[in-house]
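# Provide a 3D model corresponding to the input given below.
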Amino acid sequence: MLDKNSHIPIYIQIEEIIKQRIFLEEYKIGENIPSERELSIQFDVSRMTVRQSITNLVNSGLLYREKGRGTYVANPKLEQPLKGLTSFTEDMRARGMEPSSKVLRFEKIVPPVDVAGDLMLEPGEEVFFVVRIRNADAKPMAIERTYIPVKIYPELDEKKIIGSLYALIEAKSHQKIGNAIQQMEAAIVSKEDSKFLQINHAAPVLIIKRTSYLSDGVPFELVRSTYRADRYKFISEIKR
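Residues are numbered from 1 along each chain as shown. As a prediction, this is how the structure comes out:
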């Protein structure tokens with residue numbers, strides 16, 4: 001219960017009580033919590049105080065609002081460490097989730113100049129261009145646009161691309177995947193991607209561009225991934 005004589009602000013105490021109720025599954029994932037009015041009566045505080053608590057929990061990703069319907073308990077975000085080089089398939093299986101993909105596009109193209117440069121290709125060299133929705137437990141997590149030099153894996157086809165690309169490339173090249181250069185930025189989702197990711201057209205997303213290299217230094221992939229910001233967070237350990 002609230003301690004109104006405590007030095008801890010009331011709105012923070014309410015946040016902690018709601019967090020505890022979520023942890024104990026009194027408020028379950030995907031279910032709505034009591035309204036601001038109900039909570040203000042329950043805690044004997046103003047609705048403005050309750051609103052501040054709920055807004056903070058929404059901003060932290062623990063809750064989410066739906067206009068005209070109420071406030072709901074959000075799915076916990078998946079934590080992705082920014083170290084080590086693993087595929088989406090490997091990441092999800094390591095978390096005990098079932099990965100799957102839906103291929104939206106698979107074709108052979110001459111890539112844009114910037115992509116060709118990143119992949120160290122000669123003018124006119126072709127790549128496989130693959131667009132996939134990446135799911136975890138049948139829920140969309142990201143959409144990937146991948147460029148793979150044809151010379152790396154000439155026999156690649158749409159059926160083979162369903163699973164882990166990294167496992168395919170290592171088996172084909174008889175080399176280990178060495179390293180990658182990765183860039184990350186925040187953005188507002190495009191209208192096209194909002195449909196595939198099943199999110200609001202103005203929702204925030206995380207965009208990652210990654211160029212991956214085999215152990216001999218040859219680039220084998222450039223991928224631009226758009227992740228749902230409400231389902232993913234990235235963690236980096238920094239040492240001095």
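# Lowest mean pLDDT among the helices and strands, pick that one out for the chain.
strand 78-81 (a mean of 57; mean pLDDT, DSSP states H and E).
# How about Asp216: what's its closest non-neighbour residue?
Leaving aside its chain neighbours, Asp216 sits nearest to Gln175 (6.3 Å; criterion: C-beta to C-beta, 6 or more residues apart in numbering). Glycine gets a C-beta too; all of them are placed from N, C-alpha and C.
# Which of the three states applies to the one you found?
At Gln175 the chain is in coil, as set by DSSP: H, G, I helix; E, B strand; the rest coil.
# what's near enough to touch it?
214-216 (C-beta atoms under 8 Å, 6 or more residues apart in numbering).
# now swap in Ser40 and tell me
By C-beta under 8 Å, 6+ apart, Ser40 lies in contact with 46-47, 49-50.
# buried ones in the one helix or strand it maps to?
Following DSSP states H and E, one finds Ser40 within helix 36-43. By 16 or more other C-beta atoms under 10 Å, the buried positions in helix 36-43 come out as 36, 39-40, 43.
# same thing with stretch 184-196?
Using 16+ other C-beta under 10 Å as the test for burial, stretch 184-196 gives 189, 193-194, 196.
# mind exporting the next helix or strand after the helix holding Ser40 as CSV, just the C-alpha atoms?
Of the helices and strands lying after helix 36-43 in sequence (DSSP H and E), the nearest is helix 47-59. Output of helix 47-59 as CSV, limited to C-alpha atoms (Å, rounded to 0.1, in the frame of the first residue of the first chain):
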residue,chain,number,x,y,z
ARG,A,47,-6.3,11.1,-11.4
MET,A,48,-3.4,13.4,-12.4
THR,A,49,-1.0,11.5,-10.1
VAL,A,50,-2.2,8.1,-11.4
ARG,A,51,-1.8,9.4,-15.0
GLN,A,52,1.8,10.4,-14.3
SER,A,53,2.5,6.9,-13.0
ILE,A,54,0.9,5.2,-16.0
THR,A,55,2.6,7.5,-18.5
ASN,A,56,6.0,6.7,-17.0
LEU,A,57,5.2,2.9,-17.3
VAL,A,58,4.0,3.4,-20.9
ASN,A,59,7.2,5.3,-21.7
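# buried ones in the next helix or strand after helix 47-59?
Per DSSP H and E, the first helix or strand lying C-terminal to helix 47-59 is strand 63-66. Using 16+ other C-beta under 10 Å as the test for burial, strand 63-66 gives Leu63.
# Likewise for stretch 122-129?
For stretch 122-129, the neighbour count (16+ other C-beta under 10 Å) marks 126-129 as buried.
# how about the nearest residue to Asn32, chain neighbours excluded?
Spatially, and ignoring its direct neighbours in sequence, Asn32 is nearest to Gly70 (4.2 Å; C-beta to C-beta, 6+ apart).
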